[in-house]
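> Please work out how this folds:
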Amino acid sequence: MNAKTLCIAVSAALLMGGPAASLASDALENARNATESAVDHTIDKLPPKRAMTRAEYSSEKERIQADYKSAHSSCDPLAGNAKAVCRVEARSDEKVKLAELEARYKATPGADTDARVAKAKAQYDVARQKCEGQPASDRAACKSSAKSDEDRAISDAKAAKTASAS
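Residues are numbered from 1 along each chain as shown. So this is what the prediction gives:
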């Protein structure tokens, strides 16, 4: 029964009064509940509202890339492991900022998790490069510690996604 037919039937029953009016008001209430449920279900299926426009996203991405180039070039006067650490820090910083930008643009739990994972991996890359500057006897323990920190951060990010999904 479509909405127009339902409205006509309810109007006629209300005019007649008596038991037909009670049935008509019940039918009207059921139709209202079904409509509200359908609207709620449809709203749940809509994509999330973006926190920023495509133009804002593009300009921010360009700014992040320009910052990376500047930071990378500032590493040139350095030498040895300090130069390598500086470059890894610049690259890691860019990766994290791009992942966070993507998370803000998409505004989804999956994108947030990806940003957290990117941050954990970036921190690991920097820590691993810093380990290269240590004496050989301490290097293996340093890398092992960095790897365990990365694994813990990644599992925490995935656990947070699972917790927010339920």
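> Can you name the residues in contact with stretch 90-97?
With CB atoms under 8 Å, 6 or more residues apart in numbering as the contact definition, stretch 90-97 has outside contacts at 64-65, 67-68, 71-72, 74-75, 115, 118-119, 121-123, 125-126. Quick note: C-beta positions are derived from backbone N, CA and C, even for glycine.
> Just the buried ones from those?
64, 68, 71, 75, 115, 118-119, 121-123, 125-126 (16 or more other CB atoms under 10 Å).
> And those, which two are furthest apart?
Spanning the widest gap among these are Cys75 and Ala115, at 24.7 Å by CB to CB.
> quick one: average confidence on stretch 124-134?
Mean pLDDT, computed over stretch 124-134, is 90.
> In the protein, where is pLDDT below threshold?
Applying pLDDT under 70 to the chain flags residues 1-25, 27-28, 31, 35, 37-51, 164-166.
> Cys75 reaches Asn81, doesn't it?
No: between Cys75 and Asn81 there is no contact under CB atoms under 8 Å: 11.6 Å.
> ok, which stretches of the protein are helices?
With helices called from DSSP state H, the chain shows them at 3-16, 19-45, 54-73, 80-106, 109-131, 136-165.
> how far off helix 109-131 does the longest one point, in degrees?
Taking axes from the mean of the first three to the mean of the last three CA atoms, to 10 degrees, helix 136-165 and helix 109-131 form an angle of 170 degrees between their directions.
> Identify the residues contacting Tyr57.
101, 105 are the contacts of Tyr57 under CB under 8 Å, 6+ apart.
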